[in-house]
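Asks: Structure here, sequence nowhere to be found:
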């Protein structure tokens, strides 16, 4: 049988190849013509803005040839008005009816190892995504936990001791049709939330088997060098894998090449493609603590704890303007804490909280807050 490039039997294979190329190329979009804003594999500059106090400590990656790690990456995106979880637990339908997107938890498991490259002086970190999943926060699962409390000194919210009473309707305030309409919206909102979670779970689960690699330098893992290959490629799957790589960039600190004291701060910035749009990230780290031996004897850190703040903005000076809706999805402010092990740059331990850039008009109580955790399990 003869085949040519127009044969319908070849179209599925060609389609898969094209999708794979899109993944490797970090997506193609109208903004892709502006990739000159993105300098891949360029190690970002690090500027020490404050030297800190006390004895200078050297932060440097030690022998990392055998570095390996297994990670659990989780995110939880919840509107601020639902953060404590009580409304979801007591009346999920009513709570979701007033929420643009349902609160969702996402999970990935990764395993990685540092590998040598053709250039013996350089190393690359290579990750493999073992699995991924998504589920609604506090809905449709057994063993609902107690409400989250960020400040341990605050009083913990308690569960209601009685079942919520049916809402009593004042006939002077609403007609029967209005009440029925509100009930229908609530029920539909819960169904939509479950359908949304199923779609997200399917897309994230298809990230299993994805290969992620990035360059390693003396400063750390290079954030602009991430490359991805997906076994099952689609636009939605690519969107979710980019969400994962975005979290990795934020959890991987860069370190200065000069000794610094406790309280020292340093800054770095880079631009990478997010959903085909150049986004500039500005990171500021501050040294909170190091191991006792570094302070008392060696002056070389084995472990360190850093606080971090960051901003993510669509790059300026683009030839094609970015729609406000796209900018709202890509731009954010964040903060958190990371713990690093100097003998293993792939040993990631980060807790971050991120919120979109405030825009008008907006409801303050409906702002989506995303909490991210990256934990090394092995």
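Replies: It's in. Just so it is clear, the model here is predicted, and its values are computed rather than measured.

Asks: rest of the way, CA atoms for contacts and neighbours
Replies: OK.

Asks: what comes into contact with stretch 55-70?
Replies: 109-116, 218-220, 255-262, 294-295, 299-301, 342-347, 376-378 (Cα atoms under 8 Å, 6 or more residues apart in numbering).

Asks: try 6 Å
Replies: The set of residues external to stretch 55-70 that reach it, using Cα atoms under 6 Å, 6 or more residues apart in numbering, is 110-114, 259-261, 299-301, 342-344, 346-347, 376-378.

Asks: buried ones in that stretch?
Replies: 56, 57, 58, 59, 60, 61, 64, 67, 68, 69, 70 (16 or more other Cα atoms under 10 Å).

Asks: List the ones among the contacts of stretch 55-70 that fall in strands.
Replies: The strands, defined by DSSP state E, take in 110, 111, 112, 113, 114, 260, 261, 344, 346, 347, 376 from the contacts of stretch 55-70.

Asks: Select from those residues the one having the most neighbours.
Replies: residue 346 (27 neighbours; other Cα atoms under 10 Å).

Asks: Tell me which residues touch that one, please.
Replies: By Cα under 6 Å, 6+ apart, the neighbours of residue 346 are residue 69.

Asks: circling back to that earlier point, where does confidence bottom out across the buried residues of stretch 55-70?
Replies: Of all the buried residues of stretch 55-70, residue 64 has the smallest pLDDT value, namely 68.

Asks: Verify the assumption that residue 204 is located in a helix.
Replies: Yes - assessed with DSSP: H, G, I helix; E, B strand; the rest coil, residue 204 lies in a helix.

Asks: Pretty sure it sits against residue 132.
Replies: Yes - assessed by Cα atoms under 6 Å, residue 204 is found in contact with residue 132 at 5.2 Å.

Asks: which residues of the stretch 251-378 of the chain score low on pLDDT?
Replies: 360-366 (pLDDT under 70).

Asks: Could you pull out the buried residues of whatever helix or strand residue 240 lives in?
Replies: Using DSSP states H and E, residue 240 falls within helix 235-251. Buried residues in helix 235-251, defined by neighbour count with 16+ other Cα under 10 Å: 237-242, 244-251.

Asks: do the same with stretch 286-306
Replies: For stretch 286-306, a neighbour-count test (16+ other Cα under 10 Å) marks 286-290, 294-295, 299-306 as buried.

Asks: For residue 315, which residues are in contact?
Replies: Residue 315 neighbours (Cα under 6 Å, 6+ apart): 278, 279, 280.

Asks: next helix or strand past the strand or helix carrying the second one?
Replies: In this assignment (DSSP H and E), residue 279 forms part of strand 277-290. Sequence order places helix 292-293 as the next helix or strand after strand 277-290, per DSSP H and E.

Asks: so where do the strands sit in the stretch 101-250 of the chain?
Replies: Here the stretch 101-250 of the chain has its strands, by DSSP state E, counting those that start in this stretch, at 104-116, 123-136, 211-217, 220-221, 227-229.

Asks: What score does residue 92 have for pLDDT?
Replies: pLDDT, read off for residue 92, is 70.

Asks: And for residue 55?
Replies: pLDDT for residue 55: 92.

Asks: and the gap between it and residue 215?
Replies: Separation of residue 55 from residue 215 (Cα to Cα, to the nearest Å) stands at 32 Å.

Asks: wait, what's in contact with the closest residue to residue 125 other than its chain neighbours?
Replies: Once flanking residues are discounted, residue 125 sits nearest to residue 114: 4.5 Å by Cα to Cα, 6 or more residues apart in numbering. By Cα under 6 Å, 6+ apart, the residues touching residue 114 are 67, 124, 125.

Asks: Of those, which is the nearest to residue 42?
Replies: Checking the contacts of residue 114 against residue 42 by Cα to Cα gives residue 124 as the nearest, at 13.9 Å.

Asks: which stretches of the stretch 101-250 of the chain aren't confidently modelled?
Replies: Looking at the stretch 101-250 of the chain by pLDDT under 70, you get 120-121, 140-187.

Asks: do that again at 50, thanks
Replies: Along the stretch 101-250 of the chain, segments meeting pLDDT under 50 span 142-186.

Asks: And the helices in the stretch 251-378 of the chain, which stretches?
Replies: 292-293, 324-330 (DSSP state H, counting those that start in this stretch).

Asks: for the nearest residue to residue 105 once chain neighbours are set aside, what are its contacts?
Replies: Using Cα to Cα, 6+ apart and skipping the chain neighbours, the partner closest in space to residue 105 is residue 76 (4.4 Å). Taking Cα under 6 Å, 6+ apart, we find residue 76 in contact with 104, 105, 370, 371.

Asks: Give the bridge partners for the closest residue to the third one other than its chain neighbours, please.
Replies: Right, residue 370. Ranked by Cα to Cα, 6+ apart and with sequence neighbours excluded, the top spatial neighbour of residue 370 is residue 77, at 4.2 Å. Beta-bridge partners for residue 77, by DSSP bridges, are residue 104, residue 370.

Asks: Let me see the contact set for residue 77.
Replies: 103, 104, 369, 370.

Asks: same thing with residue 128?
Replies: 110, 111, 210, 211.

Asks: rerun at 8 Å
Replies: Here residue 128 is in contact with 110, 111, 112, 208, 209, 210, 211, 212 (Cα under 8 Å, 6+ apart).

Asks: do residue 217 as well
Replies: 43, 122, 123.

Asks: out of those residues, who has the most neighbours?
Replies: residue 43 (22 neighbours).
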